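Visitor: turn this into a model:
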Amino acid sequence: MTASPPPPAGTPSLPPPPAGTPSIPPPPAGAPSLPPAPLPPTTAATPPPAPSATAATAAPAAAPAVPRIPVAPFPATTPAAPAPRTPPPSPAAIPVPPVPTAPSLPAPSLTSAAPAPAASPRAVPRVPAPPPPVIAVPPPPAAAAPSPPAPRLPGPPSPARTARARRTGAVPGLRHRPAVPADPAKVAAVDHRLEEWARGLDLFPEEWTGDFAGFQFGRAVVLQHPGAADFERLVVAGKLLLAENLVDDCYCEDRGGSPRGLGGRLIMAQSAIDPYHGTPELEERWRCGMQADGPLRSYHWAMKDYAVFATPSQSDRFVHDIARLHLGYLAEAAWTETRHVPRVWEYLVMRQFNNFRPCLSIVDAVDGYELPEPVYARPEIQRVTALACNATTIVNDLYSFTKELANDPTHLNLPQVIAANEQCGLKAAYLKAVEIHNQIMEAFENEAAALSAASPLVERYARSLAAWVSGNHEWHATNTHRYHLPDYW
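Guide: Below you'll find the model as predicted:
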């Protein structure tokens, strides 16, 4: 490279650049140098005194004026030919790294690397491209030992579970006694009679036939009444059970039922089994009104068939227990309308009315005897009857838990109410409901045994109650069309 000539005499010297100012590298080798432009004559300026060490730290009182140096324009020249450029390296010489998501820097190695030497400012050497950035990828987990399954958290069962995965059978830990096995021939015969009766009265449309068969009314009453005096009494028990479920479904819940206006519908249903008494003309209109729909027809004609073999006292007992059932329906409907979540004891009070008591009210009539009204009305007999009804009603809450959650997650049942009141998961609440059932069931068995020791007739009645409770549990535990258990065990 040719050295530049010294500046002409008289050219003022420029102050040195401040420390840290990057120096401008000389042009690359082979680049043509431009002749310096001649500067116009200027008057000599007195150079400023060099700053002392003291002045470097303290501001001067008055800084000397630095003369402004006019910059002479470059002379007009013809454009110079462009400098020859070094051809770029071939793609094989400089590999192109992939575009990283992070800044394009090579990943640091585990050991410290020495810094790369600085390139010479006088030449542009061919620098090899940096290697592609290394993205640290964690090693795959060892396949020797598979990780254990995550613990299942308490919560509602998934309604999306397939039928194959559904758990059936008895609720683990639930206190119950084995039922007398149902005779399949008797079950089929009862079902056939009930289907004929329902079709003759046009109780439900044809599309409900599948649900009618899935309910297994015949199997239910054969399990619940193993001591039935005759076949006709079993059929009538089935008619009453069918009528009660038809009123519940059509007036209260599944088949178009609603809390709104429920009281008006239920008072007409109660009248279907508790006749209106008035003038002949109005009584005739009442009889016509009781044929208005399937629920009313089923109540009306089932009650007539029951009264054929039941005593007036037993018939009146059933009428009053149906009124209790309807009162429980109204309480549950009121809570649904107001979105009220009752306390646990309040819910169980409602379920003492809205429960299976009408079904247990007929056990002595179906078995062919009567527990006299004065005995039936005694407080201790009423208590064991209520304990049996409450225990078997909680069984219904436990077995219908997943079905109700799938249909309506806000539907009241004992596990839901416990979870809301105790601020716990549904699994813990469900297991608590099992404990409550077991305590009530134990109280029924103990107190019924004590009462049975004093009277053979009371003992027979207690056995009829216990048989109905056992049969009802067996029907729930084995009716896979309607019920399956949550996956809590």
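Visitor: only C-alpha atoms for contact and neighbour calcs from this point on.
Guide: OK.
Visitor: which other helices and strands contact the strand or helix carrying Glu232?
Guide: Using DSSP states H and E, Glu232 sits within helix 231-247. Helix 231-247 is packed against helix 184-200, helix 217-224, helix 294-309, helix 363-367, with contacts defined by 3 or more CA pairs under 8 Å, 6 or more residues apart in numbering; DSSP states H and E.
Visitor: ok, which of those helices comes nearest Val341?
Guide: Nearest to Val341, of all these, is helix 294-309, at 29.2 Å by CA to CA.
Visitor: which helices and strands does the closest one pack with?
Guide: Using 3+ CA pairs under 8 Å, 6+ apart: helix 294-309 touches helix 231-247, helix 262-273.
Visitor: can I get these in CSV with distance to Tyr483, mean pLDDT and mean neighbour count?
Guide: Output for those, formatted as CSV (distance: least, CA to CA, whole Å; pLDDT from 0 to 100; neighbours: other CA atoms under 10 Å):
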stretch, distance to Tyr483, mean pLDDT, mean neighbour count
helix 231-247, 16, 97, 22
helix 262-273, 27, 96, 18
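Visitor: reformat those helices as CSV; add distance to His300.
Guide: Formatted as CSV, the helices and strands packed on helix 294-309 follow (distance: least, CA to CA, whole Å):
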stretch, distance to His300
helix 231-247, 9
helix 262-273, 5
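Visitor: pLDDT weak spots in the stretch 251-400 of the chain?
Guide: Low-confidence segments of the stretch 251-400 of the chain (pLDDT under 70): 254-256.
Visitor: ok, which stretches of it are helices?
Guide: Counting by DSSP state H, counting those that start in this stretch, the stretch 251-400 of the chain has these helices, from start to end: 262-273, 280-289, 294-309, 312-338, 344-353, 357-360, 363-367, 373-376, 379-399.
Visitor: dump those helices to TSV, plus distance to Glu435.
Guide: As requested, the helices of the stretch 251-400 of the chain are exported to TSV (distance: least, CA to CA, whole Å):
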stretch	distance to Glu435
helix 262-273	33
helix 280-289	46
helix 294-309	35
helix 312-338	23
helix 344-353	13
helix 357-360	21
helix 363-367	27
helix 373-376	29
helix 379-399	11
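Visitor: and the ones you listed: which comes nearest Glu195?
Guide: For these, the distance to Glu195 is smallest for helix 294-309, at 12.3 Å, taking CA to CA.
Visitor: what's that closest one in contact with?
Guide: Helix 294-309 has contacts (CA atoms under 8 Å, 6 or more residues apart in numbering) with 198, 201-204, 236-237, 239-240, 242-244, 246-247, 250, 268-269, 272-273, 290-291, 315, 365.
Visitor: ditto for stretch 171-184
Guide: Counting by CA under 8 Å, 6+ apart, 219, 222-223, 226, 398-399, 434-435, 437-438, 441, 467, 470-471, 473-474, 477, 485, 489 sit against stretch 171-184.
Visitor: now the helices and strands packed on helix 231-247 as a markdown table including mean neighbour count and distance to Leu457?
Guide: As requested, those are arranged in a markdown table below (neighbours: other CA atoms under 10 Å; distance: least, CA to CA, whole Å):
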| stretch | mean neighbour count | distance to Leu457 |
| --- | --- | --- |
| helix 184-200 | 16 | 28 |
| helix 217-224 | 26 | 19 |
| helix 294-309 | 21 | 19 |
| helix 363-367 | 23 | 10 |
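Visitor: what's the closest of the ones you listed to Ser452?
Guide: Distance to Ser452, taken as CA to CA, is lowest for helix 363-367 among the helices and strands packed on helix 231-247, at 15.1 Å.
Visitor: what packs against the closest one?
Guide: Contacting helix 363-367 under the criterion 3+ CA pairs under 8 Å, 6+ apart are the following elements: helix 231-247, helix 456-478.
Visitor: turn those into JSON lines, columns for distance to Pro181.
Guide: Output for the helices and strands packed on helix 363-367, formatted as JSON lines (distance: least, CA to CA, whole Å):
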{"stretch": "helix 231-247", "distance to Pro181": "15"}
{"stretch": "helix 456-478", "distance to Pro181": "9"}
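Visitor: per-residue pLDDT, Thr77?
Guide: Note for Thr77: predicted pLDDT of 42.
Visitor: going forward, the N-terminal residue is numbered 38.
Guide: Understood, numbering begins at 38; the last thing we discussed is Thr114.
Visitor: count the neighbours of Glu244 for me.
Guide: Residues lying near Glu244 (other CA atoms under 10 Å) number 8.
Visitor: my bad, Pro349
Guide: Pro349 has 11 nearby residues by other CA under 10 Å.
Visitor: Lys464 too?
Guide: By the measure other CA under 10 Å, the count of residues near Lys464 is 21.
Visitor: what's the angle between whichever strand or helix holds it and helix 416-436?
Guide: In this structure, Lys464 sits in helix 463-489 according to DSSP H and E. Relative orientation of helix 463-489 and helix 416-436, computed by axes from the mean of the first three to the mean of the last three CA atoms, to 10 degrees: 150 degrees.
Visitor: residues in contact with Asn433?
Guide: His513.
Visitor: relative to Val506, how far out is it?
Guide: For Asn433, the distance to Val506 equals 11 Å [CA to CA, to the nearest Å].
Visitor: helix, strand or coil for Ile211?
Guide: Check again: residue 211 is Leu, not Ile. Of the three states, Leu211 takes coil under DSSP: H, G, I helix; E, B strand; the rest coil.
Visitor: give me the neighbour count for it.
Guide: 18.
Visitor: again with Ser501
Guide: Per other CA under 10 Å, the neighbour tally for Ser501 reads 22.
Visitor: what about the closest residue to it other than its chain neighbours, distance to Arg302?
Guide: Closest residue in space to Ser501, ignoring its immediate chain neighbours: Val400 at 6.0 Å, by CA to CA, 6 or more residues apart in numbering. For Val400, the distance to Arg302 (CA to CA) stands at 28 Å.
Visitor: Tyr313 now?
Guide: 15 Å.
Visitor: cool, and Ile477?
Guide: 33 Å.
Visitor: again with Arg500
Guide: For Arg500, the distance to Arg302 (CA to CA) stands at 36 Å.
Visitor: likewise for Gly365?
Guide: Taking CA to CA, one finds Gly365 at 14 Å from Arg302.
Visitor: kindly report the same for Gln389.
Guide: Gln389 is 21 Å from Arg302, by CA to CA.
Visitor: which strands or helices does the helix holding Lys464 pack on?
Guide: Secondary-structure packing of helix 463-489 (3+ CA pairs under 8 Å, 6+ apart): helix 416-436, helix 451-459, helix 493-515.
Visitor: tilt between that helix and helix 493-515?
Guide: Interaxial angle of helix 463-489 relative to helix 493-515 (the same axes, to 10 degrees): 160 degrees.
Visitor: show me which residues of helix 463-489 are buried.
Guide: 463-471, 473-475, 477-481, 484-486, 488-489 (16 or more other CA atoms under 10 Å).
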